[in-house]
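Participant: Here is the input, now give the coordinates:
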Amino acid sequence: MEKSEKKLLWSQRKHLTELFSYFLHLLKDYLYHSFMAKWQKEQFNNLINNLPLDNIICVHNTYRSQDEIQSQYCNPNKVSIHVSILYRHASLPVDGKASTEEKPELIKEHIFVLSHDNTQDYHCVHHSQKLIFDYITKELK
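Facilitator: Numbers count the residues shown, from 1 in each chain. Here you go, the predicted model:
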């Protein structure tokens, strides 16, 4: 994962062409990033809007609880938060309504798994995903 870097004020005297060249270089990276973010959002929305029956989209993300500055003022105990968002069709036994091809009823669920493991290692992430898989295969069927 790339680190973001702060842009510093340019205090040297340069030719105008050099200044524009520098800005074009910065703009090229921004335009690529902006295009990819927009394209990914469109693709994701297309997947949600055309989700076939009996299919689920599951988005996983992991967060650590505090940054260094906050941890100096707060309790040093930390947790990892594994957030998953499920997009699925409504099921009559679970939701009290059924989704059909003619009238799709999408349900969006947020699942939070808290763990004392703040290193976010493979085993903790895998265990969180297994809990979600068990929920999908046992509770929703």
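Participant: switch to C-alpha atoms for all contacts and neighbour counts from now on
Facilitator: OK.
Participant: Dead centre of the chain: give me the residue that sits there.
Facilitator: For the chain, the residue lying nearest the average C-alpha position, counting by C-alpha atoms, centre = their mean, turns out to be residue 61 (5.0 Å).
Participant: Correct me if wrong: it contacts residue 86.
Facilitator: No: judged on C-alpha atoms under 8 Å, residue 61 makes no contact with residue 86 at a distance of 11.9 Å.
Participant: Where is the longest helix in this structure?
Facilitator: In the chain, taking DSSP state H as the definition, the longest helix is helix 16-49.
Participant: returning to what we had before: any idea which element the closest residue to the residue nearest to the centre of the chain other than its chain neighbours lies in?
Facilitator: Nearest non-adjacent residue to residue 61, counting by C-alpha to C-alpha, 6 or more residues apart in numbering: residue 83, 5.2 Å away. Remark: residue 83 resides in strand 80-89, with elements defined by DSSP states H and E.
Participant: Mind listing what's buried along that strand?
Facilitator: For strand 80-89, the neighbour count (16 or more other C-alpha atoms under 10 Å) marks 80, 81, 82, 83, 84, 86, 87, 88, 89 as buried.
Participant: Each with direction, which strands does it pair with?
Facilitator: Applying DSSP bridges, strand 80-89 is found paired with strand 56-64 (antiparallel), strand 106-115 (antiparallel).
Participant: Where among the ones you listed is average confidence lowest?
Facilitator: Mean pLDDT is lowest for strand 56-64 among these, at a mean of 81.
Participant: where does the protein have low pLDDT?
Facilitator: Where the chain drops to pLDDT under 70, the residues are 1-12, 62-77, 117-121.
Participant: tell me which element residue 52 falls in.
Facilitator: Residue 52 belongs to no helix or strand, assigned by DSSP H and E.
Participant: give me every residue that touches it.
Facilitator: By C-alpha atoms under 8 Å, 6 or more residues apart in numbering, no residues touch residue 52.
Participant: rewinding a little: now the angle between helix 16-49 and the strand holding residue 83, please.
Facilitator: Relative orientation of strand 80-89 versus helix 16-49 (axes from the mean of the first three to the mean of the last three C-alpha atoms, to 10 degrees): 60 degrees.
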